[in-house]
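[1] Sequence first, predicted model second:
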Amino acid sequence: MNDNVARQDEARSRWQKVGARIDAYERLIRLDKPIGTLLLLWPTLSALWLASFGTPSWVVAGIFVLGTLLMRSAGCAVNDYADREFDAHVERTARRPLALREIEPWEALAVAAALAFFALLLITPLNRATLLLSVPALAISIAYPFFKRFFLLPQAFLGIAFSFGIPMAFASASDGVSELGWWMFGINLFWVMAYDTEYAMVDRRDDVKLGLKTSAIAFGRWDVAVVMVCYAIYIAGMAWIGLQRHLGPIYYSGLVVAALLALWHFWLIRIRDPARCFRAFLGNHWLGFAVFAGIVVDYALRLERWPLWPQQ
């Protein structure tokens, strides 16, 4: 009887350790925090809908959704590896697995490599242009975490990483990136700069102590103004994109919602309270979704020959 109890306790302990390790991996790749995936996903899908004039392949759309999740997760693992000596000293990141030494640094790199490999396998059915663009996309994702050591505005570099799904989406639809696709890529950089500066405002005090570089530190007392200017450029730029694609009132209604959300963010961040800044950052998911929903519904109504406006 005692032997059976001992074996059961040992088995239970073993499963608890396995469960703890799985939980650590889930937190490493932020499966418990999908905001980063969504911030990558909405502009990528918006680009896919625009590039295909509202008729994307559902298989290709599924590839981009899953690929976005995989690459964002790989990026998180690399980021935590790069920041493993700093995260323990920052209140918001002190509970990350590497900071708590729940897993080893080499495990984070192994997870990142495996996820990036599966993401590459996922896009192999797509055309050559998309595959070629995946190479700089991967390189930028790996390089970004280290830019905080020396680059004054690492958020600008993150903008490139978080916008690279746009040219890939255009390439997948037409075997190349149109001029409009590159313009949308550039416009999206300002949105990333806006929301990641809000994010940087959360950790500003800790980052100053650690000697890290962020846009919140670089802009100083002009941080709120710069965030709002970036939002304004992004929304104005997306309005111009809509004109180029002859989109209708539904699309511009989505942009109005996005603009109202940006104004709400100003209300949140104006006093620079870290909790309110983080709340504003999280709210960018809805801003991106508003733009994407406007594109999808606008094209859907056109394709159904809805009598609100003539066909272009």
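    Now that the structure is in, tell me what you want to look at. Values in this document were obtained by computation on a predicted structure and should not be read as measured data.
[2] Next, the contact list for residue 108, please.
    28, 77-78, 80-81, 84, 97-98 (CB atoms under 8 Å, 6 or more residues apart in numbering). (Each C-beta comes from the backbone N, C-alpha and C, glycine too.)
[3] Please apply the same query to residue 182.
    For residue 182, the contact set (CB under 8 Å, 6+ apart) comprises residue 167.
[4] so what pLDDT did it get?
    Looking at residue 182, its pLDDT is 97.
[5] Which of the three states applies to it?
    When classified by DSSP: H, G, I helix; E, B strand; the rest coil, residue 182 comes out as helix.
[6] So which of the contacts of residue 108 wins on neighbours?
    residue 77 (27 neighbours; other CB atoms under 10 Å).
[7] Can you check what pLDDT the model gives it?
    What the model reports for residue 77 is a pLDDT of 91.
[8] residues contacting it?
    Per CB under 8 Å, 6+ apart, neighbours of residue 77: 28-29, 108-109, 111-112, 115.
[9] Swap in 6 Å and give it another go.
    By CB atoms under 6 Å, 6 or more residues apart in numbering, the residues touching residue 77 are 28-29, 108, 111-112.
[10] What is the neighbour count of residue 167?
    By other CB under 10 Å, the burial measure for residue 167, its neighbour count, is 24.
[11] Now do the helices in the stretch 151-300 of the chain.
    In the stretch 151-300 of the chain, the segments counted as helices under DSSP state H, counting those that start in this stretch are 154-163, 165-174, 179-202, 204-210, 215-219, 223-244, 249-269, 274-303.
[12] Any buried residues in stretch 164-182, and which?
    By 16 or more other CB atoms under 10 Å, the buried positions in stretch 164-182 come out as 164-173, 177-178, 180-181.
[13] Can you lay out the contacts of residue 77 as TSV showing distance to residue 130, pLDDT and secondary structure?
    Converted to TSV, the contacts of residue 77 look like this (distance: CB to CB, whole Å; pLDDT from 0 to 100; DSSP: H, G, I helix; E, B strand; the rest coil):
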residue	distance to residue 130	pLDDT	secondary structure
28	28	89	helix
29	23	89	coil
108	28	90	helix
111	24	92	helix
112	21	92	helix
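[14] Now residue 46: closest residue in space that isn't a chain neighbour?
    On the basis of CB to CB, 6 or more residues apart in numbering, the spatially nearest residue to residue 46 that is not a chain neighbour turns out to be residue 292, at 4.7 Å.
[15] How about the contacts made by that neighbour?
    Contacts of residue 292 (CB under 6 Å, 6+ apart): 42, 45-46.
[16] change it to 8 Å
    42-43, 45-46, 49, 254.
[17] how near is it to residue 43?
    Distance, residue 292 to residue 43, using CB to CB, to the nearest Å: 8 Å.
[18] Need the per-residue pLDDT for the spatially closest residue to residue 126 that is not a sequence neighbour.
    Nearest residue to residue 126 in three dimensions, chain neighbours excluded: residue 172, at 5.1 Å (CB to CB, 6+ apart). With respect to pLDDT, residue 172 scores 93.
[19] How about residue 175?
    Reading off the model, residue 175 has pLDDT 81.
[20] And residue 153, by the same measure?
    Model confidence at residue 153, given as pLDDT, is 78.
[21] Skip the chain neighbours and tell me the closest residue to it.
    residue 215 (5.1 Å).
[22] ok, back up a step: now distance to residue 89 too, for the helices of the stretch 151-300 of the chain, in JSON lines please.
    Below are those laid out as JSON lines (distance: least, CB to CB, whole Å):
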{"stretch": "helix 154-163", "distance to residue 89": "18"}
{"stretch": "helix 165-174", "distance to residue 89": "32"}
{"stretch": "helix 179-202", "distance to residue 89": "15"}
{"stretch": "helix 204-210", "distance to residue 89": "6"}
{"stretch": "helix 215-219", "distance to residue 89": "16"}
{"stretch": "helix 223-244", "distance to residue 89": "22"}
{"stretch": "helix 249-269", "distance to residue 89": "24"}
{"stretch": "helix 274-303", "distance to residue 89": "16"}
